[in-house]
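Enquirer: sequence first, predicted coordinates after that:
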Amino acid sequence: MMDMAGMGGVAAARAVVEVKAAAGIMADGSSKVETATKRNCPSAVRRGEVKMQKHTMETVVGIFLVIGLLCIGYMTVNLGRVSFFSDNTYPLSARFTSVTGLRAGSSVYMLGIEVGRVGWLTMDQESQKAAVEMRIQNGVKVYNDAIASIKTEGLIGDMYLSIDPGGAGTLLQSGGTIIETQPAVDIGALISKYPLGEVKKD
Amino acid sequence: MKRQIAILINISIFMLFYLPASLYAGAPLDTVQVNVNKVLEVLRDPKLKAASAKEAKKKKLMPIYERMFNDVELSQRTLVKNWGSMNASQQKEFVQLFRQVLAKAYIDKILAYTDEKIVFDRETMVSGSQAEVQTRIITSSKEIPITYRVIKTGSSWKVYDVVIENVSLVLNYRTQFKDILAKNTIEQLLEILRKKVKGQ
């Protein structure tokens, strides 16, 4: 058994040496590439070339890095939410009995299209309501009979604010309030309250 | 003496203006409560307990509904933009048909009432002419929150939306009518409603 362990150890060591050789690292620690150039380049020209090679490598790496950073920056601005809703928005507010799941920065959708973002959430303890301040894109019309509701993406996803714009009333100006609101429907509570299929009922 | 009168007046003014809204049950809550109690009276009437008395109960409930609800406001809020593109006679017909559609949808549930307790929790003014009255129906197994949204119509408060378990009636029908009117004209919508009412 000890022999087996010993043979295993030798085999492992040999494997490591082979892997290292493949990677260009010789037994004495120096790298294959280095060895090659040291062996074949006694002249100053070669030394110059070696230096240039090193610099070229670094320059290439540097260029790739800059391109990568530029790409990341471009994607952040375009696909991310950085400068999308900067200045051309107007504020609206709405009050809910519960805003469970909504956060500052949650999206506001109208007809399925994102038209704004939730600014901040405050609590009005007098009337026991949560006040939501949101910023809506300029040009999106919301009327005073709009209904704001909190919905989930799917059945159990992120919460977002959905506005049905209304249309039979007057246009809401900047700083207006959406009066009709519908808080999040608690699916879990409903399912436990109204079990599907009641035996007692006829 | 003068000083005491002054203090009394100050206290009265103070109380008048600074009573927190939750302690002050105003006209909206009272109006809803009166109407709901009238409905409960009809539902609890021992003379109308029999199953055959269903029609009699319906007949008694309709006038209460008419007094309690602002039909036009309700209909307008479910149609929004399309309300404006209806002429007066279409609007009138829609209000009638919608009332019957609602009656059909909810009358059975209302008639299934058996002694549940209705609690009136609070009233909140959301604007000068609109308020919300929060109530609860307490059954043997669960509590159902119902909020009545009322609007000042003339000198009284009338209901224009009922929010049951956080689901607004107006929003529910608004979404459905929007879908129907995306593919049909107003006349076709009225025809659909006519058929629905007739088919009951």
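Expert: Perfect, I can see it now.
Enquirer: can you show me the helices along chain A?
Expert: Remark: helices assigned in chain A by DSSP state H are A:2-22, A:32-40, A:44-79, A:187-193.
Enquirer: where among those helices is average confidence lowest?
Expert: When the helices of chain A are ranked by mean pLDDT, helix A:32-40 comes last with a mean of 53.
Enquirer: who are the contact partners of the closest residue to chain B within chain A?
Expert: Chain B sits closest to residue A:167 of chain A, with a gap of 3.4 Å, by Cβ to the nearest Cβ. Just so you know, the C-beta spots here come from the backbone N, C-alpha and C atoms, and that holds for glycine as well. With contact taken as Cβ atoms under 8 Å, 6 or more residues apart in numbering or on different chains, residue A:167 is in contact with A:143, A:145, B:80-81, B:84.
Enquirer: can we see that at 10 Å?
Expert: If you count contacts by Cβ atoms under 10 Å, 6 or more residues apart in numbering or on different chains, residue A:167 has them with A:141-143, A:145-146, B:77, B:79-84, B:174.
Enquirer: make CSV out of those and add distance to residue B:193.
Expert: What follows is those, written out as CSV (distance: Cβ to Cβ, whole Å):
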residue, distance to residue B:193
A:141, 28
A:142, 28
A:143, 24
A:145, 21
A:146, 24
B:77, 17
B:79, 12
B:80, 17
B:81, 18
B:82, 13
B:83, 14
B:84, 19
B:174, 15
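Enquirer: lowest average confidence, helix or strand, in chain B?
Expert: Lowest by mean pLDDT, DSSP states H and E among the helices and strands of chain B is helix B:2-18, with a mean of 71.
Enquirer: near chain A at all, the helix or strand that that one is followed by?
Expert: Remark: after helix B:2-18, the chain's next helix or strand is helix B:27-44, criterion DSSP states H and E. No - judged by Cβ under 10 Å from any Cβ of the partner chain, helix B:27-44 makes no contact with chain A; its nearest approach is 13.5 Å.
Enquirer: buried ones in helix B:27-44?
Expert: Neighbour counts over helix B:27-44 (16 or more other Cβ atoms under 10 Å in any protein chain shown) mark B:28-29, B:31-33, B:35-36, B:38-39, B:42-43 as buried.
Enquirer: same question for stretch B:124-139.
Expert: In terms of neighbour count (16+ other Cβ under 10 Å), stretch B:124-139 has its buried residues at B:124, B:126, B:130-136.
Enquirer: so the residue most central in space within chain B: helix, strand or coil?
Expert: Centroid-nearest residue in chain B: residue B:159, 3.5 Å away (criterion: Cα atoms, centre = their mean). For residue B:159, the assignment made with DSSP: H, G, I helix; E, B strand; the rest coil gives strand.
Enquirer: separation between the closest residue to chain A within chain B and residue B:43?
Expert: When scored by Cβ to the nearest Cβ, chain B has residue B:81 as its residue closest to chain A, at 3.4 Å. Between residue B:81 and residue B:43 the distance is 38 Å, computed by Cβ to Cβ, to the nearest Å.
Enquirer: mind naming the longest strand for chain A?
Expert: Longest strand of chain A, by residue count under DSSP state E: strand A:113-124.
Enquirer: what's next to it, contact-wise?
Expert: The contact list for strand A:113-124, computed with Cβ under 10 Å, 6+ apart, reads A:81, A:84-85, A:89-96, A:99, A:102-110, A:129-137, A:139-140, A:142, A:159-161, A:163, A:165, B:124.
Enquirer: if you set the cut-off to 7 Å instead, what comes out?
Expert: Contacts to strand A:113-124, defined as Cβ atoms under 7 Å, 6 or more residues apart in numbering or on different chains, come from residues A:85, A:89, A:91, A:95, A:99, A:102, A:104-109, A:130-137, A:140, A:161.
Enquirer: let's see stretch B:2-14 as CSV, backbone CA atoms only.
Expert: Included here for stretch B:2-14 are C-alpha records, laid out as CSV according to Å, rounded to 0.1, in the frame of the first residue of the first chain:
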residue,chain,number,x,y,z
LYS,B,2,-64.9,87.9,30.1
ARG,B,3,-61.7,86.0,30.4
GLN,B,4,-63.5,82.7,31.0
ILE,B,5,-65.7,83.3,28.0
ALA,B,6,-62.7,84.0,25.8
ILE,B,7,-61.0,80.8,27.0
LEU,B,8,-64.2,78.9,26.2
ILE,B,9,-64.4,80.3,22.7
ASN,B,10,-60.7,79.6,22.1
ILE,B,11,-61.1,76.0,23.2
SER,B,12,-64.2,75.5,21.0
ILE,B,13,-62.4,77.0,18.0
PHE,B,14,-59.3,74.8,18.8
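Enquirer: buried ones in it, by neighbour count?
Expert: For stretch B:2-14, it's none, nothing buried (16+ other Cβ under 10 Å).
Enquirer: hmm, residue A:181 and residue A:95 touching each other?
Expert: Yes - here residue A:95 reaches residue A:181: they are 6.3 Å apart, a contact under Cβ atoms under 7 Å.
Enquirer: neighbour count: the two, which is higher?
Expert: Neighbours were counted for residue A:95 and for residue A:181 using other Cβ atoms under 10 Å in any protein chain shown; residue A:181 has more, 27 against 22.
Enquirer: check the gap between the more buried one and residue B:132 for me.
Expert: Taking Cβ to Cβ, one finds residue A:181 at 10 Å from residue B:132.
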